Each structure stands twice: as structure tokens, then as C-alpha cells.
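Novice: Pasted the sequence and its predicted model underneath.
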Amino acid sequence: MEEKTLKDIDKGLLNEVSNLDDIEKGAFNIRKNGKGIERKVTPNVNIVNKEDNSGIDIYVKEDTKFEFIHIPVIITESGLKDVVYNDFHIGKNANVIIVAGCGIHNDHHKDSEHDGIHRFYLEEGAKVKYIEKHYGEGNGEGKRILNPVTEVYLKEGSSIDMESYQIKGVDSTIRETKGILEKDTNFVVTEKIMTHGNQYAKTIFEVELNGDNSSAHVTSRSVATGNSKQHFVSKIYGNAKCFSHSECDAIIKDDAKVTAVPEVVANVVDANLIHEAAIGKIAGEQITKLRTLGLTEEEAEQEIIKGFLR
């Protein structure tokens, strides 16, 4: 990677969302302020620009095993709205790790926004570990806005394990995740979000279980503090013999608000669909237990929150 193309702010953002030291371990594409600035391909992973839209196509050859693909986005320009379409074509029986995410640095009064639409097309037997991190920083009044869309299309025997993190500093986000599952497929989603101040976060999960023995497990863990608001929506449709489990666990503090809206629809008798939600403040006994170790009440709360989001 050419150091001259990356400033200290750039490196800091990349470390937050993708770990700068790990990026060169496989294929990668770095996007800054709406443009690709560095790229590396491998014999098994090719990355090409889209001809009809902003974004890239990532092609993974069949039978590729345990390669890393990093596609971080960073924004340091205030007032920029960046929209990108990235499509992942994962070959038959491939097994890869994909690390994405966006970091925004905004020190000025105009809003900065990134809308990333990621679509995954997994062929038969393919497996993907997908990690996505979002982060914002800066002292300006301009908002840091992130609106990710993830679409997953799973063919027979394929699976994807998705981890999504909103680390801090994101003023507004609407996060949409959709899945279409065929026979013997598995979709696992783990989401972790923290909001504070006047921040707003909405997440929408919509999964169609269309094939026999398809399954989905959606877990959202969040902490809302200050005057922030969070809205969790989960829609699971069982259209075959299938299983799904979705859960929303949230901690609220101060004047924060969290809303959870589950929707499970069993369209056949063999669809087994479960939803759970738990929203509340930190239990007093947890704080008391940690205070016996010499922690202040505030320190005890922070330790509990860290453990909850770990």
C-alpha cells in the first residue's frame, strides 16, 4: 500500500473499520471521498469497476478457501454524499472472509453521508464470514450519516455469518438487511449498536425462508443513552420447512428510547419461527456487585455496557 496516498486521519479511520495492518493480507479496495484510491487483486479474487454505476464487482473463484477481502470506505470531505453499489459473486464451495465498513471524519458544518448497497450472491456450498463496522468522528456541527443496505441471496447449501458494528459517532443511520434463502441454507446476523446524545438508529431485517431446512438467526444488541432513539424491525417469512430465531436486547439510560417491532409470518405448517425482545435499564444488582470491587457507579455501568456489546 502506498503510504503517500493515506494521511494520518485516513489511517485512523481505516484502523477503526478495517484494521490497517490486516488490509494487505488479501484482496482489497479502498474508497475515499467517493473514489477508489488503492486496489489489490489475487489469483482467486478479482475486483472490477462497475460500468453502469458507482461501485465494484468482486468475483471469488469456486473452491477458494479462507482468503481475506477488505473493502473499506472513508470520508473526510464535509458535505459529501457518497452512494456506492458493491456486488459480491461467491463461487461454488468457496469460503472467504470479507471485511467492510465506513469511517467518516467531519470537522465542519455540512453533513457527510455514505450509503453503501452491498449485494451477496452465493453459489451452492459457498460460505462467507462478513464483518461490517461503522464509525464517526470530528468536532464539526455537520452530521455523520451512514445508511447501509445488505442483500443476501443464498443458493442451496450456502451460508453467511454477518457481524455488524456501529462503534460510535454516527448521528443518523438506517440499516436494512434482506435475505432470500433456498434449500439447506443458513443466515446468521449479529448486530451491535451504541447511540448517545441526539443520535438516531433504525435497523430493518427482512428474511424470506423459501427452501426446506433453511434457517436464520438474527441477534441485535444495543445501548441507547442521552436523548438518542433506536428502532428495531424484524420481519421473518417462513415459506417452507424452516427455522428462525430473532432477538432484540437493549439497554436504555437517561431519556433514550428503544422500540422493537417483531413480525413473524408462518406460511406453511412446518415453519418454526421465534422472536424475543428485552429492553430495560442496567440491573441494580449488577452495579452493586461491581462496586464491591472498588468501581464507582459510573465505572460499573461502563463495564456492564462493554461486556454487553462485546
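Specialist: In hand now; what should we look at?

Novice: What segments of the stretch 51-200 of the chain are strands?
Specialist: Per DSSP state E, counting those that start in this stretch, the stretch 51-200 of the chain carries strands over the ranges 55-60, 65-75, 81-90, 95-105, 112-122, 127-137, 144-146, 149-154, 159-168, 172-181, 186-195, 200-209.

Novice: beta partners for residue 222?
Specialist: Residue 222 has these beta-bridge partners by DSSP bridges: residue 193, residue 250.

Novice: wouldn't it be in contact with residue 195 here?
Specialist: Yes. Counting by Cβ atoms under 8 Å, residue 222 touches residue 195, with 7.5 Å between them. In this view, the C-beta of every residue, glycine as well, is placed from N, C-alpha and C.

Novice: so what sits against both of the two?
Specialist: Overlap of the contact sets of residue 222 and residue 195 (by Cβ atoms under 8 Å, 6 or more residues apart in numbering) consists of 201, 230.

Novice: For the chain, give me the ranges with low pLDDT.
Specialist: Within the chain, the ranges that satisfy pLDDT under 70 run 1-5.

Novice: Just want the most central residue of it.
Specialist: residue 164 (2.8 Å; Cα atoms, centre = their mean).

Novice: ok, it touching residue 188?
Specialist: No. Residue 164 lies out of contact with residue 188 (Cβ under 8 Å); the separation is 11.4 Å.

Novice: so what's residue 280 up against?
Specialist: Shown in contact with residue 280 (Cβ under 8 Å, 6+ apart): 250-252.

Novice: Please verify my assumption that residue 200 contacts residue 227.
Specialist: No. Using Cβ under 8 Å as the test, residue 200 is too far from residue 227 to be in contact (9.9 Å).

Novice: Could you measure from the residue nearest to the centre of the chain over to residue 306?
Specialist: For residue 164, the distance to residue 306 equals 18 Å [Cβ to Cβ, to the nearest Å].

Novice: Next, work out how far apart residue 270 and residue 215 are.
Specialist: Shown here: residue 270 relative to residue 215, a distance of 13 Å by Cβ to Cβ.

Novice: So the two - more neighbours on which side?
Specialist: residue 215 (19 against 11; other Cβ atoms under 10 Å).
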